[in-house]
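Visitor: requesting a structural model of the entry that follows:
(2 chains)
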Amino acid sequence: MSATATRSATDRSTDPATEPAATGTAAARPSPLSAAVRSHAVRKLAVLVVIAAVLVPLAHATWASGSWPHALTVDVSGPLGNASDWIIDNRDSHWIFLYFFGHISNAVIICVRAVYVVLLTLGWAGVTAASTLVAWRVAGVRVAVTTVVSFAVCGLLGMWVPTMQTLALMAVAVTASVVVGGLLGLAGGLSERAFRALRPVLDTMQVLPAFAYLLPVVLIFGIGVPGAVLATVIYAAPPMARLTALGLRGADAGVLEAVTSLGATWRQRLLSARLPLARKELLLGVNQAIMMALSMAVIASVIGGGGLGDRVYQALSSVDVGKALAAGLPIVLLAVVMDRTTASAGERLGEPPAEDGPRLLRGRLAWAGVAVLTAVVTVAGRLTGSQTWPTGWTVAIEEPVNQFKDWMVDHLYTGVPVVGGTADWASDYVRWILDPLREGLQGLPWYAVLLIVATLAWLIGTWATALTATAAMAAIGVLGVWEPSMDTLSQVLAAVFVTLVLGFAIGIAAARSTRLERLLRPVLDVCQTMPQFVYLIPVVALFGVGRAPAAAAAIVYALPAVIRITTQGLRSVDPAALESARSLGATQGQQLRQVQLPLARPALLLAVNQGVVLVLAVVIIGGLVGSGALGYDVVFGLAQGDLATGLVAGAAIVCLGLMLDRVTQPTARRDRKGA
Amino acid sequence: MARTRTQLLMAAAGVTAVFTATGCGAADMTKQTSPYANVGGAKSVTLSVQSWIGAQSNVAVAQYLLEHELGYRVDTVQVDEVPAWDALSQDRVDAILEDWGHPDQEQRYVKDKKTIVPGGGLGVTGHIGWWVPKYFADAHPDVLDWKNLNKYAKTFKTAESGGKGQLLDGSPSYVTNDKALVKNLKLNYQIVFAGSEAAQITQIKQFAKAKKPFLTYWYEPQWLFNQVPMVEVKLPTYTDACAAEGTENPDSIDCAYPTTPLQKYLNADFAQHGGEAAEFLKRFHWTKQDQNEVSEMIASQGMSAQDAAEKWVKKHPDVWKKWLPRAR
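Guide: Predicted coordinates:
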């Protein structure tokens, strides 16, 4: 996963604004470039001041109150409530359900069921053998060992059946994402116009927190697997589409020229040259789709997706950290296995076939060999009796994990000498950071907020980004959820602040010490793949109910991305620039402040952007532990089937996400949501 | 990647199967059984679990008996109450074992659409109210009347309640009139929604450990009372008139919560063709004590739901033998 973060971070360094600075002497302070940038900024600011001077008195005179004027809101709860009732009343009779949604829904159910039946028929022995052999064939011995261990752990934890359910759901969701994303990417890769039309759509899809669009999906498809699969596809298709388009567009012009000169038709050219040339990107796209889909597996459990996610969700309801971990670990392991397999398959493309492994797994007969060996193991497994994991072969980790958690809560909750307990931190954080911030934001006149957003977005991007950001913010007001949105915004800002402080500090340290980086890597891997829900349980025990635990969970989740991008950005700073600074006698601190940090600016900005997007996604889920505001409204909407509340809050979250993304978005685009 | 390729083939086969099976005919949204049900010829039942622990106990015991006495495979899915009704009507789950009263849903699915049928009473009576811890009520007995609550608003203040007293509320899926009550009774309180029962229980336990005063929305039957004794605050008396007015306009409610005999509901198809499982679930009927016994094993003694159910089942054969469809 880190590979992509790296990629996008380094892509960013081709940003035209910083390119000259990177090659020039960055240590020299007032370069002509920065002066130009500054004068550019001054011009933008001047324009905004003029606009403000005209509009603000006008707005103030018309609607004197500081909060969003009632006259500018649209109440959508009536129509939305009616729509919801209409759907439920007509779901069994209207043609659109009988002949369209119903078939989609049935198809999803039948596909998931088909895969599930196959997995159960193979039994635990067959599934483990098949995945190990496939991993061996496409990715080598090491990945094969990881695979066999991972599946064994899933079984040992007593999670075999839920793991198979998740696997079945994932198989269908990933396939659908790859097909949908691939088709979109094909269109984008072949047609410039389609590419341009597609880009903002994909950008937006990637910024949306998944939690926000569960409700509309549920309303149409109902609770359960079909809704879960569709929500996953919405979430996981964009990276596939993006990478497919990227691969097709990046195809070597010389090769294409050669193929054309051989008289190939358009279709032959596509199938024999462009697609094969884009193989690596396509495979990376599949890899990304898998990772995104897995991270969605747990969120989908809120709408009854079943499997491992559901076990995590059930554990959340009984504050059972041990149980949640037992269900969360298999998700992490599945992610690791699939990531490693697809990633090394990508690296091996084009290389001569490896000479390791049993002969059956080499050369042409490999796939037949895989099939035969799997069949043999399956039959052998059948003879042992049990199709699912043998019940005796499990290890209960719940008890020790929970004892450890209790010990932590007992000793850390309050009254720790000098540093204070977690409960004290939580109330200090709420009292000194969150409350003032929330009051400040809610107290600011609405037009001031719009102006601030416009200024920030314009300074960092183009007028178009500024317009999008401001419009998104205004839409929140129009929907009538200004106050809760400001509440959520204050939570996001406060958590992002802490994340960045910690992330930059750790990132800088890791960039300096390879050993620290190596130590951190597995921790960061686990933090990133562990479903966000797993964090929610222990944080309540440590920080009580409210906004503080949500912030804590968000920080844990967003920190790895920030650390990784920071480290990578600092590492990739041009060694020549550093060398020249060193030769001028700069101290370590001076090197960092005057050379590395300025040169890594694009990476740092990307880190900010990723931090914001990831924090927002978790702060919202924090609605489940009392963070209130928009997240609570979405949960409420889902729980009570209240479309009006849920959808409006969901839309506001989307707007907030868009605004935050645009305000923190450096000019170049990034590849994907999570880093 | 090989796996994707096989998956693709399988998916394609699946899609073809759908279209050959259904032709171009209509797809019935009320008959969409969970893909995990009845796989490999195993008889299976899908039960919905709600987030509170009482509901988990019902399901755990039902699951244990269905698996060990009747030979079913049981799948459980955690769904909130209202979506659970929806899922029940679509045949994605087979039964809800503990419903706290949803007149709208009953009207829609039981009376109008007839996709859900009542499964009889659970035997447990539920009651929602406002509660304070016993240690606080003993020291300040007058807090037990709602008229004196404003006097204690300062005492119940927390970081989250913004200067007012904190009324701790639970999961957004629970039946609650608290917003209307606080407004109509002119109470100087801020409702803080814990967002899930787990969060609420954790918070209550933390309060109790520090012997801090708190006011919370809570309900019976609940195992937590055994650990944190609480006393109910008297709200204006519940009357049918007030309830009727409340159904008309939920914002006008100004009286206490009713006492509800909890109900079971089954998917109509399942009730008819579900065989022994359906028969068993209809007969499932136990008491508040029974439920609490299981709940407490799960929630405070850290037992897994299945272990707790097994222990209870071993101890009370006289109770559950009656639920089995045929004499054993």
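Visitor: endpoints of stretch B:73-88, how far apart?
Guide: 18 Å (C-alpha to C-alpha, to the nearest Å).
Visitor: so how far is that stretch off the chain centroid?
Guide: 10 Å (C-alpha atoms, centre = their mean, to the nearest Å).
Visitor: same question, stretch A:546-558
Guide: For stretch A:546-558, the distance to the chain centre is 16 Å (C-alpha atoms, centre = their mean).
Visitor: repeat that for stretch A:124-133.
Guide: 29 Å.
Visitor: restricting to C-alpha, output it in PDB.
Guide: This file holds the C-alpha atoms of stretch A:124-133, laid out as PDB (Å, rounded to 0.1, in the frame of the first residue of the first chain):
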ATOM      1  CA  TRP A 124     -10.900 -25.400   4.900                       C
ATOM      2  CA  ALA A 125      -8.200 -27.700   3.500                       C
ATOM      3  CA  GLY A 126      -9.100 -27.000  -0.100                       C
ATOM      4  CA  VAL A 127      -9.400 -23.200   0.300                       C
ATOM      5  CA  THR A 128      -6.100 -23.000   2.100                       C
ATOM      6  CA  ALA A 129      -4.400 -25.300  -0.500                       C
ATOM      7  CA  ALA A 130      -5.800 -23.400  -3.400                       C
ATOM      8  CA  SER A 131      -4.900 -19.900  -2.200                       C
ATOM      9  CA  THR A 132      -1.400 -21.100  -1.100                       C
ATOM     10  CA  LEU A 133      -0.700 -22.700  -4.500                       C
END
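Visitor: can you point me to the longest strand in chain B?
Guide: Ranked by residue count and defined by DSSP state E, the top strand of chain B is strand B:116-133.
Visitor: packing partners of the helix or strand following it?
Guide: Next helix or strand after strand B:116-133 toward the C-terminus (DSSP states H and E): helix B:134-139. Helices and strands touching helix B:134-139, as assessed by 3 or more C-beta pairs under 8 Å, 6 or more residues apart in numbering or on different chains; DSSP states H and E, comprise strand B:230-233. (Each C-beta comes from the backbone N, C-alpha and C, glycine too.)
Visitor: show me what the strand it packs on is packed against.
Guide: strand B:116-133, helix B:134-139, strand B:215-220.
Visitor: rerun at 6 Å
Guide: Strand B:230-233 is packed against strand B:116-133, with contacts defined by 3 or more C-beta pairs under 6 Å, 6 or more residues apart in numbering or on different chains; DSSP states H and E.
Visitor: the strand it packs on near chain A anywhere?
Guide: No. Judged by C-beta under 6 Å from any C-beta of the partner chain, strand B:116-133 stays clear of chain A, getting no closer than 12.9 Å.
Visitor: and the angle from that strand to strand B:215-220?
Guide: 140 degrees (axes from the mean of the first three to the mean of the last three C-alpha atoms, to 10 degrees).
Visitor: give me the contact list for strand B:116-133.
Guide: B:88-89, B:98, B:100, B:109-110, B:143, B:215-216, B:218-221, B:230-233, B:257, B:259-262, B:264-266, B:268, B:271, B:282, B:285-288, B:291 (C-beta atoms under 6 Å, 6 or more residues apart in numbering or on different chains).
Visitor: what's the answer for stretch B:184-193, then?
Guide: For stretch B:184-193, using C-beta under 6 Å, 6+ apart, the contacting residues are A:632, B:149-150, B:153, B:160-162, B:164-169, B:178, B:182, B:254.
Visitor: show me which residues of that stretch are buried.
Guide: Under the neighbour-count criterion of 16 or more other C-beta atoms under 10 Å in any protein chain shown, stretch B:184-193 has B:L185, B:L187, B:N188, B:Y189, B:Q190, B:I191, B:V192, B:F193 buried.
Visitor: between these, which sits nearest A:L592?
Guide: B:V192 (43.7 Å; C-beta to C-beta).
Visitor: for the stretch 51-200 of chain A, what spans make up the helices?
Guide: Assignment of helices within the stretch 51-200 of chain A using DSSP state H, counting those that start in this stretch yields the ranges A:77-90, A:95-96, A:102-139, A:141-156, A:160-190, A:192-207.
Visitor: any idea how far the second one is from the chain center?
Guide: Same thing as helix A:95-96. In terms of C-alpha atoms, centre = their mean, the centre of helix A:95-96 is found 34 Å from the chain centre.
Visitor: what about that helix and chain B, any contact?
Guide: No. Legend: contact between helix A:95-96 and chain B by C-beta under 6 Å from any C-beta is lacking; minimum distance shown is 8.2 Å.
Visitor: for residue 140, give me phi and psi.
Guide: All of this is about chain A. phi 100, psi 180 (degrees, to the nearest 10).
Visitor: try again with chain B
Guide: The phi/psi pair for B:H140 (degrees, to the nearest 10) reads phi -130, psi 80.
Visitor: now do the closest residue to it other than its chain neighbours against chain A, distance only.
Guide: Nearest residue to B:H140 in three dimensions, chain neighbours excluded: B:Y152, at 7.2 Å (C-beta to C-beta, 6 or more residues apart in numbering or on different chains). According to C-beta to the nearest C-beta, to the nearest Å, B:Y152 and chain A sit 20 Å apart.
Visitor: can you give me the end-to-end distance of stretch A:55-68?
Guide: Using C-alpha to C-alpha, one end of stretch A:55-68 lies 15 Å from the other.
Visitor: and the residue positioned nearest the centre of chain B, what does it touch?
Guide: Nearest to the mean C-alpha position of chain B, by C-alpha atoms, centre = their mean, lies B:Q50 at 4.1 Å. B:Q50 is in contact with B:E81, counting by C-beta under 6 Å, 6+ apart.
Visitor: just the pLDDT for it.
Guide: For B:Q50, the pLDDT comes out at 83.
Visitor: could you do the one 4 residues further on as well?
Guide: Among the per-residue scores, B:G54 holds a pLDDT of 85.
Visitor: for it, what are its contacts?
Guide: Contacts of B:G54 (C-beta under 6 Å, 6+ apart): B:Q291, B:S295.
Visitor: neighbours of whichever residue of chain A sits closest to chain B, how many?
Guide: Closest to chain B within chain A is A:G102: 2.7 Å, counting by C-beta to the nearest C-beta. Neighbour count of A:G102, defined by other C-beta atoms under 10 Å in any protein chain shown: 26.
Visitor: what about it, distance to A:F221?
Guide: 9 Å (C-beta to C-beta, to the nearest Å).
Visitor: which residues belonging to stretch B:119-133 are considered buried?
Guide: Applying 16+ other C-beta under 10 Å to stretch B:119-133 flags B:G119, B:L122, B:G123, B:V124, B:G126, B:H127, B:I128, B:G129, B:W130, B:W131, B:V132, B:P133 as buried.
Visitor: quick one: the residues you listed as a markdown table, columns for pLDDT and distance to A:A289 too.
Guide: Output for those, formatted as a markdown table (pLDDT from 0 to 100; distance: C-beta to C-beta, whole Å):
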| residue | pLDDT | distance to A:A289 |
| --- | --- | --- |
| B:G119 | 88 | 42 |
| B:L122 | 87 | 44 |
| B:G123 | 87 | 49 |
| B:V124 | 86 | 46 |
| B:G126 | 86 | 45 |
| B:H127 | 87 | 49 |
| B:I128 | 89 | 45 |
| B:G129 | 90 | 49 |
| B:W130 | 92 | 49 |
| B:W131 | 92 | 49 |
| B:V132 | 92 | 52 |
| B:P133 | 92 | 51 |
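Visitor: ok, the residues you listed vs A:H40, which is closest?
Guide: The shortest approach to A:H40 among those belongs to B:W130, at 60.0 Å (C-beta to C-beta).
Visitor: circling back to that earlier point, restricted to strands, list the contacts of stretch B:184-193.
Guide: Short answer: the contacts of stretch B:184-193 in strands (DSSP E) are B:G165, B:Q166, B:L167, B:L168, B:D169.
Visitor: quick one, phi psi at the nearest residue to the second one once chain neighbours are set aside?
Guide: Yep, that's B:Q166 we're talking about. Spatial nearest neighbour of B:Q166, chain neighbours left out: B:T158 (4.6 Å); criterion: C-beta to C-beta, 6+ apart. Main-chain torsions, B:T158, degrees, to the nearest 10: phi -140, psi 180.
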